[in-house]
Structure formats: structure tokens, C-alpha cells
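Asks: this is the structure alone, sequence omitted:
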């Protein structure tokens, strides 16, 4: 049996208002069409849905049962229409972002602030991951977009755009202050106590490969769980670390953090915006993408992560 949804919509309004006249007004239709449609519906269902009187219409037991289902369906559809309308005006919505800690601190935080100022009704959900975890969450559909740091590795279903360059520097605490007075070789650094992110991170992989290219072994004495942990440990003289310049903004030389000069150039990294190739973003997520790429200090040509 196929019955047009329009029939059920007319039935819903007639039952809701208990009046053919008011249903016609709500639907901007005429009473004869409303009456005819209800009779056709009763004929299709082979039952009487309304009892008619001069005061209006009331539901029969069969009509009550049908109304319980139809009202839930119509109200759900209306809620969906209203939600889409709100999202189109960006008064409502949700954007889920997978981000690495370095990308969050070096780039994303001011974008999130600007977005929240402009669209306070849109909720933001952030997953603070390592780059591999953030890209895995994106690929699995757990995040709408990702903002991460290179190296990203291989993931053919994703597309990436470089946003900004990150310059990292070697730092030490005051117990190593003599080292800050001269240029150091990577070979010398490799013999010092080192602090790094864990082996499962792309940061560890980046520095391990860099040390190896220069004939050194990268063997950190301490592996930090998050990038935020490195500077406090450096300040407390637990070892030498490598951090983005942006992390040093809150520190000065009299706060126990010293920059080290190296003969070898520290590898450059980039912050990247990443999204799935074959997936349409919501209106709220597309606006976040626009704002992120609008702040990009590099070209915005998308490339596959291969």
C-alpha cells in the first residue's frame, strides 16, 4: 500500500486542531480538498478516522492509534527542517576537529576564538591527538576535519593543504647554560640527555630520521606524553628538548629556558588542514574550513596525502 505523505500531513493537522477549517488555514489549502483527502485516506485504510460534528472532528480509536505514529513522524520531520534552517544560518551545528597539540597551539586556537565569536550557537568538539591518531579518526569518520603537523604519512583517502611553517629550536635549562654560549653540533647534542614525544608519534620519527641522516642516534632519555610536557621538564633541567618557537613566547631567559644554537638546521615542519576526499562537509564545518584556509600563510592548493 502506498499512501502519499501529504495525506498523512493533512490528517495530522486535522487531528491536531480538531477542525477541518483550521487545518485548511494551517496548510493554506481549501476545506473541500482537506475533506476529500481525509475521505480518500479512510478509504485506503478501510476504517473511519474521524467522527464529524458541528463542533469539528474528533478521532476514533483507529484515528488515535494512527495519530500517535503520524504525529511523531511529522514532528521529527519538522524538527529536521528547523535544524537544517538553523545550520544554514549557522545558529546551530557541531564541528568535530582532530588536532595535534602543536597544531592547536601554533595555529588553531585563534581560529577557534574567531569562529566562536562569530557563531556562538555552533558547538565545537576537539580531539587532541598525535598526527597519526587525528588522521585515523578523520578517516574513520570520527572527526569532520583535522589540523595536524607534518610529517603526515600515507593515507590516500585524505586531501591536505599546507597552512603555515613551524620553526623548531633546541632548548635547555639553566643547568646546561654553558651549552648556550656556543654553537653545538648534533653529535654533541646526541650525547646529552634528551626529551622527546613518544615513539608512536610523527615527531619522534622526524627527529630520529634527522639524527640518522647526520650519523647520530636519536635516543631520548625521557619520552613525554604531550608536547606541553617538554618545556616544564626542560626548565627543571631534565634534559634538552626541541619545541616550536611559538611555545617559547611565554618564557624568557630569566624564566629558566635557554635557546641552543646548532650547526645543523633543525627540520622544518608544517601545519596542515586535512579532510576526506569523498565526503561532503556540513555548512558549519565548511565555514570552519574557510576560516582556517583564510588564515593560511602558504598556498591553498589541495594535494593528496600519498
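Replies: Arrived safely, thanks for sending. What you see is a predicted model, and the numbers here were worked out from it, not measured in a lab.
Asks: residue 146: what's it in contact with?
Replies: Contact criterion CB atoms under 8 Å, 6 or more residues apart in numbering gives 97-99, 134-135, 137-138, 273-275 as the residues in contact with residue 146. C-betas here are computed from N, CA, C, even on glycine.
Asks: ok, how many other residues are close to residue 150?
Replies: Counted with other CB atoms under 10 Å, the neighbours of residue 150 add up to 20.
Asks: the nearest residue to it once chain neighbours are set aside and residue 162, how far apart?
Replies: Counting by CB to CB, 6 or more residues apart in numbering, residue 150 lies nearest to residue 270, which is 4.7 Å off, once chain neighbours are set aside. The gap separating residue 270 from residue 162 is 5 Å, by CB to CB, to the nearest Å.
Asks: now do residue 139
Replies: Distance of residue 139 to residue 162, given as CB to CB: 19 Å.
Asks: kindly report the same for residue 288.
Replies: Here residue 288 is placed at a distance of 17 Å from residue 162 (CB to CB).
Asks: more crowded one of these two?
Replies: residue 288 (25 against 18).
Asks: mind checking pLDDT for the residue nearest to that one when sequence neighbours are not counted?
Replies: Distances taken as CB to CB, 6+ apart place residue 95 nearest to residue 288, at 5.0 Å, with adjacent residues excluded. Here, the pLDDT recorded for residue 95 equals 93.
Asks: partners of the helix or strand encompassing residue 95 in the sheet?
Replies: Following DSSP states H and E, the helix or strand that holds residue 95 is strand 93-99. Based on DSSP bridges, the strands next to strand 93-99 in the sheet, each with its direction, are strand 122-128 (parallel), strand 145-149 (parallel).
Asks: what would these look like in JSON lines with mean pLDDT?
Replies: Below are the strands paired with strand 93-99 laid out as JSON lines (pLDDT from 0 to 100):
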{"stretch": "strand 122-128", "mean pLDDT": "90"}
{"stretch": "strand 145-149", "mean pLDDT": "94"}
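Asks: quick check: which of these is nearest to residue 216?
Replies: Distances from residue 216 to each of the strands paired with strand 93-99 were compared using CB to CB; the shortest belongs to strand 145-149, at 22.6 Å.
Asks: what's the following helix or strand after that closest one?
Replies: Next in sequence after strand 145-149, counting helices and strands by DSSP H and E, comes strand 158-166.
Asks: could you check the angle that next one makes with strand 145-149?
Replies: Strand 158-166 and strand 145-149 are oriented at 40 degrees to each other (axes from the mean of the first three to the mean of the last three CA atoms, to 10 degrees).
Asks: what's the average pLDDT for strand 158-166?
Replies: Per-residue pLDDT over strand 158-166 has a mean of 91.
Asks: name the helices or strands packed onto it?
Replies: Packed against strand 158-166, as judged by 3 or more CB pairs under 8 Å, 6 or more residues apart in numbering; DSSP states H and E, are the following elements: helix 131-139, strand 269-276, helix 283-294, strand 303-304.
Asks: closest to residue 8 out of those?
Replies: Distances from residue 8 to each of the helices and strands packed on strand 158-166 were compared using CB to CB; the shortest belongs to helix 283-294, at 29.3 Å.
Asks: residues contacting the nearest residue to residue 127 once chain neighbours are set aside?
Replies: With CB to CB, 6+ apart as the measure, residue 98 is the residue that lies nearest to residue 127, at 4.7 Å, once sequence neighbours are left out. Going by CB under 8 Å, 6+ apart, residue 98 touches 126-127, 129, 133-135, 137-138, 142-143, 145-148.
Asks: of those, buried ones?
Replies: Neighbour counting by 16 or more other CB atoms under 10 Å classes 129, 133-135, 137-138, 143, 145-148 among those as buried.
Asks: need the outlier residue of the chain, farthest from its centre.
Replies: residue 54 (57.3 Å; CA atoms, centre = their mean).
Asks: got the contact list for that one?
Replies: For residue 54, the contact set (CB under 8 Å, 6+ apart) is empty.
Asks: gap between it and residue 96?
Replies: The span separating residue 54 from residue 96 equals 56 Å under the rule CB to CB.
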